[in-house]
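> Just to be clear, the model below is a prediction. Sequence and coordinates:
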Amino acid sequence: MGLLEKSTVAVRSGIGSDNQYGSVIPPIFMSTNFIFSQLGEIPKYDYSRSGNPTVEQLESTLSQLENGFGAIVTNSGTSAINLVLSTTLDSNSLVLVSKDCYGGTHRLFEARQLKGDFNVRFVDTSNLDQVQYYLEQRPKLIFIETPSNPLLKITDIEKITSLAKSFDTKVVVDNTFLTPIYQTPLDLGADFVVHSLTKFINGHSDCLAGAVICKHKEDFESIKWWGNCIGSNTNSFDAFLTSRGLRTLSARLKIHEFNTKRILNFFLNQKVITKIYYPSLCSHDGHEIASRQQKGFGSIISCEFNLSSVQIEKFINSLQLFSLAESLGGAESLVCHPASMTHRAMENNALKNAGISKNLLRFSIGIEDYEDLLSDLNRAINLFK
């Protein structure tokens, strides 16, 4: 059989691998430890922090989907980022970071810089001239979110990695928003891909997990060693839940994006919305790049509303099918106010520098019936007409 499509790889992950009882879906190996056949002979699995069959199955599939050498599954997306930083950087290192990244990511980089672990520059990675300027300072790492959270800025991965190679700088891409179904950064030159598996890949908002996928063998071996050393690995049950979600990822993304296109068209005709951040729009600064490096545009839309704080609260409270919550990528639709929720750990000047205003709302479009979602949004927006 020839090369399989990614949707097929995801669905068939682990199917038929149980040689003991022949179960279709592989069992969960909950054991924390494993028996040594005899003294002096170390088995493949000895302790689940260093390796577990359920976790390893998920890692193998993620690596295959991202076209990497190997993957390490961690206990959260932030843990995955932190693992890369702990493995690759020292106190003399400089790292460049997308300035409008997820608030938790921004907090992690700032906090570790304050501890003296490394130096950070928050930059506009969509601006190649700015990246080139800071590359002259010889950073050890560039961390990119593309699309970024919550403004969906697009960074040209191929051009950034080409520039970085001239300075021996490694590139990390957070691929949470698009997943390997819609974007494969390693194919575009990146050295690492990180995910919050909690989001689209799990897709059911019922477990925390992250992943690091490495392009090169030496990086994988180092990341894996440090993952075991500092205990960043996930557990078998969360790995099982993530694998379950992964099997339906491609099908879910199609419905997510189908619904998103219809909601986007609705938003475009609302006077109360002054700006829409979504890269399928020709007016989006990164539209051409996104069209080239992505296979889809995803299901996250952010909008600026011409409403007061009181009105924004009224709008959110009137929604019935968009739950006010952090996170994204689940089957359910969510609305989030980044400035007071996902990015509240950022100082006001950092929020302003990133372009995140108090009038910004981020929508994670779920897989409910799109007509029901449109009806809910229309009813809420009509309160201000």
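All right, it came through fine.
> Please name the residues that touch residue 32.
47, 48 (Cβ atoms under 8 Å, 6 or more residues apart in numbering). For glycine as for every other residue, the C-beta is placed from the backbone atoms N, C-alpha and C.
> any idea how far it is from residue 42?
Counting by Cβ to Cβ, to the nearest Å, the gap from residue 32 to residue 42 is 17 Å.
> Please pull out the lowest mean pLDDT helix or strand from this structure.
Of all helical and strand segments in the chain, the minimum by mean pLDDT, DSSP states H and E falls on helix 348-354, at a mean of 87.
> In this structure residue 162 contacts residue 189, no?
Yes: assessed by Cβ atoms under 8 Å, residue 162 is found in contact with residue 189 at 6.5 Å.
> Between those two, which is the more surrounded one?
In this view residue 162 and residue 189 are compared by other Cβ atoms under 10 Å, and residue 189 has more residues nearby, 18 against 13.
> Skip the chain neighbours and tell me the closest residue to the more buried one.
Leaving out its chain neighbours, the residue that sits closest to residue 189 by Cβ to Cβ, 6 or more residues apart in numbering is residue 161, at 3.0 Å.
> in what helix or strand does that neighbour lie?
helix 157-165 (DSSP states H and E).
> what's the next secondary structure element after that helix?
strand 170-174.
> Sheet partners, orientation included, of that next one?
If you go by DSSP bridges, strand 170-174 pairs up with strand 141-145 (parallel), strand 192-196 (parallel).
> Among those, show me which one is buried the most.
Most buried of the strands paired with strand 170-174, by mean neighbour count (mean count of other Cβ atoms under 10 Å): strand 192-196, with a mean of 29.
> how far does the very next helix or strand once past that strand sit from the chain's center?
Going down the chain from strand 192-196, the next helix or strand is strand 210-214, by DSSP H and E. With Cα atoms, centre = their mean, to the nearest Å as the basis, strand 210-214 stands 10 Å off its chain's centre.
> which residues touch strand 210-214?
The contact list for strand 210-214 (Cβ under 8 Å, 6+ apart) reads 59, 62-63, 66, 68-81, 83-84, 186, 191-198, 220, 223, 227, 234.
> and the next helix-or-strand element following it, what does it pack onto?
Next along the chain after strand 210-214, taking DSSP H and E as the criterion, comes helix 217-230. Helix 217-230 sits against strand 70-74, helix 77-88, strand 210-214, with contacts defined as 3 or more Cβ pairs under 8 Å, 6 or more residues apart in numbering; DSSP states H and E.
> Distance to residue 376 added to the ones you listed, as JSON lines?
As requested, those are arranged in JSON lines below (distance: least, Cβ to Cβ, whole Å):
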{"stretch": "strand 70-74", "distance to residue 376": "35"}
{"stretch": "helix 77-88", "distance to residue 376": "29"}
{"stretch": "strand 210-214", "distance to residue 376": "32"}
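> closest one to residue 265 among the ones you listed?
Residue 265 lies closest to helix 77-88 among these, at 30.9 Å (Cβ to Cβ).
> Toward the C-terminus, what is the element adjacent to the closest one?
Helix 77-88 is succeeded, C-terminally, by strand 94-98 (DSSP H and E).
> Could you list every helix and strand that that following strand packs against?
helix 103-114, strand 119-123, helix 128-135, strand 141-145.
> most tightly surrounded among the ones you listed?
strand 141-145 (a mean of 25).
> quick one: that one to chain centroid distance?
The answer for strand 141-145 is 13 Å, by Cα atoms, centre = their mean.
> any idea of the mean pLDDT for that strand?
Taken as a whole, strand 141-145 has an average pLDDT of 98.
> Go ahead and confirm residue 248 touches residue 201.
No: using Cβ under 8 Å, residue 248 makes no contact with residue 201, being 10.2 Å away.
> The nearest residue to residue 343 once chain neighbours are set aside: what's it in contact with?
Nearest non-adjacent residue to residue 343, counting by Cβ to Cβ, 6+ apart: residue 103, 3.4 Å away. With contacts defined as Cβ under 8 Å, 6+ apart, residue 103 is in contact with 338, 342, 343, 344, 345, 346.
> Could you report the neighbour count for the first one?
The local packing of residue 338 (other Cβ under 10 Å) involves 25 other residues.
> what's the answer for residue 59, then?
Residues near residue 59, counting by other Cβ under 10 Å, number 24.
> Which residues are in contact with it?
By Cβ under 8 Å, 6+ apart, the neighbours of residue 59 are 70, 71, 72, 73, 211.
> now do 6 Å
If you count contacts by Cβ atoms under 6 Å, 6 or more residues apart in numbering, residue 59 has them with 71, 73.
> separation between it and residue 248?
Applying Cβ to Cβ, the value for residue 59 to residue 248 is 19 Å.
> What segments of the stretch 251-385 of the chain are strands?
Shown for the stretch 251-385 of the chain, the strands assigned by DSSP state E, counting those that start in this stretch span residues 273-277, 300-305, 323-324, 334-336, 360-364.
> ok so, going back, tell me the pLDDT at the residue nearest to residue 343?
At residue 103, pLDDT is 92.
> Contacts for the helix or strand residue 250 falls within, please.
Assigned by DSSP H and E, residue 250 belongs to helix 249-268. Applying Cβ under 6 Å, 6+ apart, the contact partners of helix 249-268 are 7, 10, 181, 201, 203, 273, 276, 278, 296, 299, 365, 367, 370, 374.
> try 7 Å this time
6-7, 10, 179, 181-182, 200-201, 203, 273, 276, 278, 296-299, 301, 303, 331, 365, 367, 370, 373-374, 377 (Cβ atoms under 7 Å, 6 or more residues apart in numbering).
> go on, stretch 279-298?
Under the criterion Cβ under 7 Å, 6+ apart, residues 126, 147, 152-154, 156-158, 177-178, 182-183, 188, 253, 257, 278 lie in contact with stretch 279-298.
> swap the cut-off to 6 Å and go again
Residues outside stretch 279-298 that contact it (Cβ under 6 Å, 6+ apart) are 152, 154, 156, 157, 177, 178, 182, 183, 257.
> Appreciated, that's everything.
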